[in-house]
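A.B. asks: I would like the atomic coordinates for the input below:
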Amino acid sequence: MVAEATSAGDPPAQSAVAHPSRAPGLLALGALGVVYGDIGTSPLYAFRESLDGAGHELGVVPVNVLGILSLIFWALIMIISVKYLLFVMRADNDGEGGILALTALVAPPSRTGRGGRRGLVVLGLFGAALLYGDGMITPAISVLSAVEGTSIVTPALSGWVVPIAMVILVALFSIQRQGTAAIGAVFGPVMVLWFSTLGILGAIQIVGDPRVLQAVDPSHAWRFFAENRLESLFALGAVFLVVTGGEALYADMGHFGRRPIRLAWFGLVLPSLLLNYFGQGALLLSHPEHIDNPFYRLAPTWGVLPLVVLSTAATVIASQALISGAFSLTVQAVQLGYIPRVRITHTSEVTVGQIYVPAINWSLMIGCIALVIGFGSASGLAAAYGVAVTSTMVLTTILLIVVLHERFGWSRRYAGMLGAGFLVMDLGFLGANILKIPAGGWFPLAVGAIVFTLMTTWRTGRRLVGERLRGANVPLATFVASLGSRGTPPRRVPGTGVFLYSTPGVTPPSLIANLRHNGVLHEQVLVVSIVTEDQPRVPPVRRVEVVHHGNDIRQVVLHYGFLDEPDVPRGLTEGSGRRLPVDTRGATYFLGSESLVVTDRPGMAIWRERLFTVLSRNATGAANYFGLPSDRTITIGSRVEL
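C.D. replies: Numbers count the residues shown, from 1 in each chain. Presented below is the predicted three-dimensional model:
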């Protein structure tokens, strides 16, 4: 057995987030349109819901207004500015962020079988599952809150809010297949206009009543809790709405990098948000009756309709960011083996990461429309919003503690102290949001539980299938040696046969079946295994690893990152030459296909075995997923008892 190529002499992998040709200012502009859409549209509803929302109706008096503003101010500073921008974003996985990338960083697949690591994977999976519920709620509440401004223009339109919101959502999801390259070019400038408008509207009110600036003093928050007691907890759950985009910041880090995201936040987003929230507070100090919609009341009468149009554009952009994030999360989950293969369409030939996942797109659309119809207003949806995001933030903090200790060399004491400080804030918001569960907070938890069940069932099912197949596994070296020990070696036919199998070093059942039934081998045989690394992307120069076992039979391992597109023919072409001295043009590809049988053998509950069988039948075919030519691909089946 001769190793023909290794990666020892290859240059180190470059971070996925490298933008040498783009200035930080341009990247910051792009970040405005993608990263800050969610958190940037919170002023539409967050302040109003904090004073008058599900489970509470506080008096619009100075102690409450200043108390809520103080909570908003310190939430934006401590959770977004300190926790996420200064600490969490340092925990990048080769430049990529997000809870699945973080999970792969602290609990790589090679270590997930151990007790503690398995627990970390479970936490990461549950956090990722909860984000799908967030992906449904954000477009629904954002679009609804924007369209509700039409009722201020004319009360006659109040009955049309829900239908208009549904039309916008259907249109938004319908254009996803076209990709976001064209409209993405205007996202940044529109959001610059949006944040500038937020700041100007708020600043005008602050000038008229500057006493609102007293809210920077945290004592107003403590006085608010002392005055309102139980109701203050319901209000705290609504205050959390101002930081719901924190996870989006981290998840979208790979598109822009830390510096541009921080530049956009401290240079424009944070000042604009604070000015607007404080402006709404100043307005309510003078006009408590405007609690019905303090955001739109900031504008003069003639400016409400243009503000509705701008708000709708901003909420569509915010929704687009969440939808694209759900697509990216799905790709990561598929590559890491947590969900079945799904059809993925790349919508841009030049921009990496612009994808369209039909199954996720239409599922999100159905969920959004159901939420709009079921809750009927942004206030109603606010009760469902927050539980999922706070839970994910808690899980991110727990994983961050592990990263600080293991990856950054922090002592357990200091990593634990910092993490404990963040957990105090996170758990405080989580406790407040748990109170929302009866009023709608159950919805994202239900979605998260369903997605988590699907993920764990698929992961466990694939492990069981692997164990059943390994019972009959033959090491590839043993198989090759047996060919020479036969009295009559098999006849070799012209061409190259490529046999795909998940486990390197093992003879694919399809290869054994082909030899048994046809009695022939190709002149060149490649046994190809796909390995997903714990990093987002693997450069082509490090893609291919080849081991020659003799008899012109080679083991080829193709290495991909969890954000790479696994294209087997292209990967083999990239490895041709020194690494792979075999012409793969015109090669015939062989795949194995398992026919699953539900049994009462130990492993999974019967209902989960049936669920796994359904998932397997509906998974995208391996030939399509791995880019195999349909006219040169042969599938050989085998029976597997679960």
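A.B. asks: Residue 537 looks like it's in a helix, true?
C.D. replies: No. Assigned with DSSP: H, G, I helix; E, B strand; the rest coil, residue 537 falls outside any helix and is coil.
A.B. asks: Report whether the expected contact of it with residue 565 is present.
C.D. replies: No. Residue 537 is not in contact with residue 565 according to C-beta atoms under 8 Å; the separation is 10.0 Å. For the C-beta atoms, the positions are set from N, CA and C on the backbone; glycine is no exception.
A.B. asks: any weak-confidence spans in the stretch 101-250 of the chain?
C.D. replies: 107-116, 179-185 (pLDDT under 70).
A.B. asks: Over to the chain?
C.D. replies: 1-23, 54, 107-116, 179-185, 347-354, 470-472, 484-487, 576-578.
A.B. asks: So for it, which residue is the most central one in space?
C.D. replies: residue 329 (3.3 Å; C-alpha atoms, centre = their mean).
A.B. asks: who does residue 527 bridge with?
C.D. replies: Bridge pairing for residue 527 (DSSP bridges) gives the partners residue 499, residue 555.
A.B. asks: That one against residue 496, yeah?
C.D. replies: No. In this structure residue 527 lies outside contact range of residue 496 using C-beta under 8 Å: 11.8 Å.
A.B. asks: of these two, who's got more company?
C.D. replies: residue 527 (27 against 19; other C-beta atoms under 10 Å).
A.B. asks: what separates the more buried one from residue 521, distance-wise?
C.D. replies: Noted for residue 527: a distance of 12 Å to residue 521, by C-beta to C-beta, to the nearest Å.
A.B. asks: cool, and residue 176?
C.D. replies: 46 Å.
A.B. asks: of the two, who's got more company?
C.D. replies: residue 176 (23 against 20).
A.B. asks: quick one: the residue lying closest to the more buried one once chain neighbours are set aside and residue 627, what's the gap?
C.D. replies: Nearest non-adjacent residue to residue 176, counting by C-beta to C-beta, 6 or more residues apart in numbering: residue 361, 5.0 Å away. Between residue 361 and residue 627 the distance, using C-beta to C-beta, works out to 22 Å.
A.B. asks: more neighbours, these two?
C.D. replies: Legend: neighbour count by other C-beta under 10 Å for residue 361 and residue 627, higher for residue 361 (19 against 13).
A.B. asks: Surely the more buried one is in contact with residue 323?
C.D. replies: Yes. If you go by C-beta under 8 Å, residue 361 and residue 323 touch, sitting 7.1 Å apart.
A.B. asks: shared neighbours, those two?
C.D. replies: 173, 176 (C-beta atoms under 8 Å, 6 or more residues apart in numbering).
A.B. asks: which residue ranges form the strands in the stretch 401-550 of the chain?
C.D. replies: Applying DSSP state E, counting those that start in this stretch to the stretch 401-550 of the chain gives strands spanning 491-500, 520-532, 544-548.
A.B. asks: same question, the chain
C.D. replies: Counting by DSSP state E, the chain has strands at residues 2-5, 52-53, 56-57, 345-346, 355-356, 491-500, 520-532, 544-548, 553-560, 588-597, 633-641.
A.B. asks: Figure out which of these is closest to residue 269.
C.D. replies: Among the strands of the chain, the nearest to residue 269 by C-beta to C-beta is strand 52-53 (24.0 Å).
A.B. asks: how much distance is there from the closest one to the middle of the chain?
C.D. replies: 30 Å (C-alpha atoms, centre = their mean, to the nearest Å).
A.B. asks: Mind giving me the packing neighbours of that strand?
C.D. replies: If you count contacts as 3 or more C-beta pairs under 8 Å, 6 or more residues apart in numbering; DSSP states H and E, strand 52-53 packs onto helix 230-239.
A.B. asks: So which bits of the helix it packs on are buried?
C.D. replies: 231-239 (16 or more other C-beta atoms under 10 Å).
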